[in-house]
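Novice: Structural data only, the sequence is not supplied:
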C-alpha cells in the first residue's frame, strides 16, 4: 500500500509533465542518474488521467504545457481526493514564475527556475519526497491512533453502560432516598425509597419541584449556595413535608455534578426524625441540668449569704446603726441580684419569652445579676439596640451569660463593662473585666465555658475573640454581621 512505501529512489513514483523536449530530456537524465524512474507526459490531460489512475509520489510540472493551463492542471489535482496531497514542483523561467507565483503559492507549490541545475533539482525533489514520506507515516499513525481511540471508546461505552446499570440497581435497591435534580428544582431521577419517605409515588414526584417538599423553601437555597461553593455537602439537616401533611427531619448528603454542561445535584436522603428527637431530648435534659446548677450556684448562694447578713444585722443594729445600714444596702443589692438571676433563669426555662425582648433588655437583667454575684461594679453601655433574629439574640445572650458567670466565679474583678454597639448590618458585643485574667494557651477549650461560647457563635456565623493575660483582666468580644448570619 502507498501508505507503507519508503519513498527511496527505487520506489518513488515521479510524474513529469514537460512540454519542451530539451527540458524533459534534462530532467529525465538528472533523475535517472540519481536512481529515479519518472513517468513522462507532454499532454496535460493524459498526465491528469494518469495521476488519477495511479497517484504519484511527486509531480514535476512545466509552466507551459499542452492542453489546459498549468494553473487549471493544479486546480484539478487539488480538487480530487486522490491527488489533493501530492506535492507539485513547478518549473519555468524566472519571469514566467513571477507572473503566476501568486496563483500557485496558495496551493503550497514549490518552484525550480530554468535553466535547470542538477543540484537544485535533486535537492527539491528529495526534500518533497521526504515530506511525502513523513506525510504517509503521519497518516499511518493517525489511522492507528484513530483505531485505538475507537477501541477505547467502545470499551468505555461498554463500561458506561455497565456503570449506568449499576447506578440503576443502586437507585432501586438503596434504602436511602435518592434524587437527581437540576438547579431549577426539577426531579430528573428518584427512587422508591424517597417516594416512600414522602408518602407518594415516583411518577408523582417526577412531576413536582424539589422546593415543594421543604417545610421552609429557604433551606434549599442555603443548600444550593453551599453546594456551589464546596461542590459537596455532608449531613445537612432539613425539615421535609410529606404528601399526607406530616413532616419529618432528614439529613442530606449531596454532590454538585456538571453533565453535558448542565448543573445537576445528586442527593442522598436519610430520615433521622427519631435521632433528632433523641438529640433534642438530650439537649433539653442537659439544659435543665445546667439551669439546676445555675440555680444552686448563684441564686441559692446569694440567698444564703443574704440570710447570713440579715441575721447579723439584727444583732448589730442597736450597737452600730451605720454598719447595720451598710448591711441593709448590701442585702438590698443581693436581693435585687437574686431576683434578676431568677428572672434570667425563668427566661431560659421559657425560651419563647426571649423573642419578646431586645438584647439590651436581656443584658440589663444579666448585669443586675452579675453585680450581686461578683460584688463588682458592673456597667452596661448600649449604642443602638434593635430587634434581631431570635436565634441571634438567644446566642448572644447565652455568650454574655457564660462570660459573666466566669467573672463571678473566677475573675475577682472590681469593674466589669458590658458594651453593645449596633451596626447597620450587624452588632458588636463585648464584656471586659479588670480581674486576674488567665492564659488562654493553657486553659483547655472545654473549661470556663469557652467551648460553649465558641459553639454558640459558630451556630449564628459570628466571630468570637477572647483576650486575656494573667493579672490583666479578660475581654470577650463577639461580632455578628447580618449578611453572614443570614447566609
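Specialist: Thanks, I have the structure now. Since the model is a prediction, treat every value here as computed from it, not as a measurement.
Novice: bridging residues for residue 465?
Specialist: residue 477 (DSSP bridges).
Novice: domains of this structure?
Specialist: With domains defined by automatic domain parsing, the chain comprises 2-142, 174-271, 275-349, 352-487.
Novice: Next, format those domains as JSON lines and append mean pLDDT, mean neighbour count and distance to residue 150.
Specialist: For the C-beta atoms, the positions are set from N, CA and C on the backbone; glycine is no exception. Below are the domains of the chain laid out as JSON lines (pLDDT from 0 to 100; neighbours: other Cβ atoms under 10 Å; distance: least, Cβ to Cβ, whole Å):
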{"stretch": "domain 2-142", "mean pLDDT": "80", "mean neighbour count": "16", "distance to residue 150": "12"}
{"stretch": "domain 174-271", "mean pLDDT": "88", "mean neighbour count": "16", "distance to residue 150": "21"}
{"stretch": "domain 275-349", "mean pLDDT": "70", "mean neighbour count": "14", "distance to residue 150": "52"}
{"stretch": "domain 352-487", "mean pLDDT": "82", "mean neighbour count": "17", "distance to residue 150": "49"}
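Novice: Can you say which of these is nearest to residue 156?
Specialist: domain 174-271 (15.6 Å; Cβ to Cβ).
Novice: So what's the gap between that closest one and the chain middle?
Specialist: Distance, stretch centre to chain centre, for domain 174-271: 19 Å (Cα atoms, centre = their mean, to the nearest Å).
Novice: now the end-to-end length of it.
Specialist: 13 Å (Cα to Cα, to the nearest Å).
Novice: Residue 263 - that's part of a helix, no?
Specialist: No. Judged by DSSP: H, G, I helix; E, B strand; the rest coil, residue 263 forms no part of a helix; its state is strand.
Novice: how far away is the nearest residue to it once chain neighbours are set aside from residue 210?
Specialist: Once flanking residues are discounted, residue 263 sits nearest to residue 183: 5.1 Å by Cβ to Cβ, 6 or more residues apart in numbering. The spacing between residue 183 and residue 210, counted by Cβ to Cβ, to the nearest Å, is 10 Å.
Novice: Also residue 375?
Specialist: On the measure of Cβ to Cβ, residue 375 and residue 210 end up 58 Å apart.
Novice: Sheet partners, orientation included, of the strand ranked longest in the chain?
Specialist: Using DSSP state E, we find that the single longest strand of the chain is strand 247-259. Strand pairing for strand 247-259, using DSSP bridges, gives strand 232-241 (antiparallel), strand 262-271 (antiparallel).
Novice: Over to residue 316: give its phi and psi.
Specialist: Main-chain dihedrals, residue 316, degrees, to the nearest 10: phi -90, psi -20.
Novice: Next, the angle strand 262-271 makes with the host helix or strand of residue 120.
Specialist: Secondary structure from DSSP states H and E places residue 120 in helix 118-173. Between the axes of helix 118-173 and strand 262-271, defined by axes from the mean of the first three to the mean of the last three Cα atoms, to 10 degrees, the angle is 30 degrees.
Novice: And the contacts of the helix or strand just after helix 118-173?
Specialist: Downstream of helix 118-173, the first helix or strand assigned by DSSP H and E is strand 177-182. Strand 177-182 has contacts (Cβ atoms under 8 Å, 6 or more residues apart in numbering) with 170-171, 187-191, 193-194, 197-198, 210, 250, 262-271.
Novice: Try it again at 7 Å.
Specialist: 171, 187-191, 193-194, 197, 210, 262-269 (Cβ atoms under 7 Å, 6 or more residues apart in numbering).
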